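A.B. asks: Sequence first, predicted coordinates after that:
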Amino acid sequence: MQNQEKVQNCAVAVKSLLPGGFSPKIGLVLGTGMGALAESMTEANMIPYNRLPDFPPSTVASHAGRFRAGLLAGLPVLAQEGRCHLYEGRRPEEVVMGVRIMALLGVEILILTNAAGSLNPRFPAGGLMLIEDQINFSGHSALTGPNVEAWGPRFPDVSSLYDSALGACLERTALALGLRLEKGVYLCTHGPQFETRAETRAFRLLGADAVGMSTALEALAANHMGLRVVGISCLSNQNLPDCMAATSMDEVIAVAGRAAQNLSRLITSALPDLSKA
Ligand code: HPA
């Protein structure tokens, strides 16, 4: 079966499991340790990925593996709790299936979140970073293969991949809440290994402020389908070549989880303005 058909079948299945009349304009992808935000959604309906035909499961222990449809700040939101990654052996089109489903269901604004290592010595672990732009160093594109014209163009422009008006809205909200929000470039690796010292130095020289193993392909697929994209990294560790400390996934989950408390406040407070920006 072609990818397009698989995505359409999943979109039909999700739609059939949503309450009638529920048509979210805002989509949310929650990364490692970011369950707290999902839990603050009210009137929630869960749609486990294993109820959707051909939807790739997430094998990462810290990812719930379901869609959650509900209200956040009173607005209907469709959230992906957990994603799959290239490092799990998934193909690029599988990694972005959730985003394409959201687009087919009418989502117009996509909020991408992740846990990432800070490459910028001024950006401490535990902080939040607004993703201004990305370097896709994963070796893959979400747009490989036959193009589906109904979804978007063969050669999409990505000169404004992340929406600056939505970003500005998050910055204003952060200021009003007294939350520090760094701004920078996110670099996506294939993973699953963390970086060597030399890679960390190279990525910094390339202009990256944070490094992680997700998000970039999702942003490309969302942009391809005409969605407006905003991204936030929860900085779970500092990844600096000259004072490098070992990183473990347990530490990433613990620190990202703490940063996610602020992420929840930020997104929940910004949502009404984001939907109008
Ligand atoms: N590198 C890659 N991915 C990550 C990191 C990191 O340091 N921290 C959280 N995800």
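C.D. replies: That came through, no problem. Numbers count the residues shown, from 1 in each chain.
A.B. asks: Number of residues surrounding the residue in the stretch 51-200 of the chain positioned nearest to the ligand?
C.D. replies: Residue of the stretch 51-200 of the chain nearest the ligand, by Cβ to the nearest ligand atom: Gly117 (2.1 Å). For glycine as for every other residue, the C-beta is placed from the backbone atoms N, C-alpha and C. Each residue near Gly117 was counted by other Cβ atoms under 10 Å, and the total is 26.
A.B. asks: so it, which of the three states?
C.D. replies: strand (DSSP: H, G, I helix; E, B strand; the rest coil).
A.B. asks: Grab the nearest non-local neighbour of it.
C.D. replies: Asn239 (3.5 Å; Cβ to Cβ, 6 or more residues apart in numbering).
A.B. asks: Need the per-residue pLDDT for that neighbour.
C.D. replies: Predicted confidence (pLDDT) for Asn239: 85.
A.B. asks: same check, this time on Val255
C.D. replies: 79.
A.B. asks: quick one: it and Ala125 touch, right?
C.D. replies: Yes: in this structure Val255 lies within contact range of Ala125 using Cβ atoms under 8 Å: 5.5 Å.
A.B. asks: what do the two both touch?
C.D. replies: Leu235, Ser236, Asn237 (Cβ atoms under 8 Å, 6 or more residues apart in numbering).
A.B. asks: most neighbours, which of these?
C.D. replies: In those, the most neighbours by other Cβ under 10 Å go to Ser236, 31 neighbours.
A.B. asks: Phi first, then psi, for it.
C.D. replies: phi -100, psi -20 (degrees, to the nearest 10).
A.B. asks: For it, give me the pLDDT.
C.D. replies: 91.
A.B. asks: I'd guessed it sits against Val252; true?
C.D. replies: Yes: between Ser236 and Val252 there is a contact under Cβ under 8 Å: 4.2 Å.
A.B. asks: okay, and the common contacts of these two?
C.D. replies: Thr32, Gly33, Ala115, Gly117.
A.B. asks: quick one, phi psi at the first one?
C.D. replies: When read as degrees, to the nearest 10, the backbone of Thr32 gives phi -50, psi 130.
A.B. asks: What count of nearby residues applies to it?
C.D. replies: Thr32: 26 neighbours (other Cβ under 10 Å).
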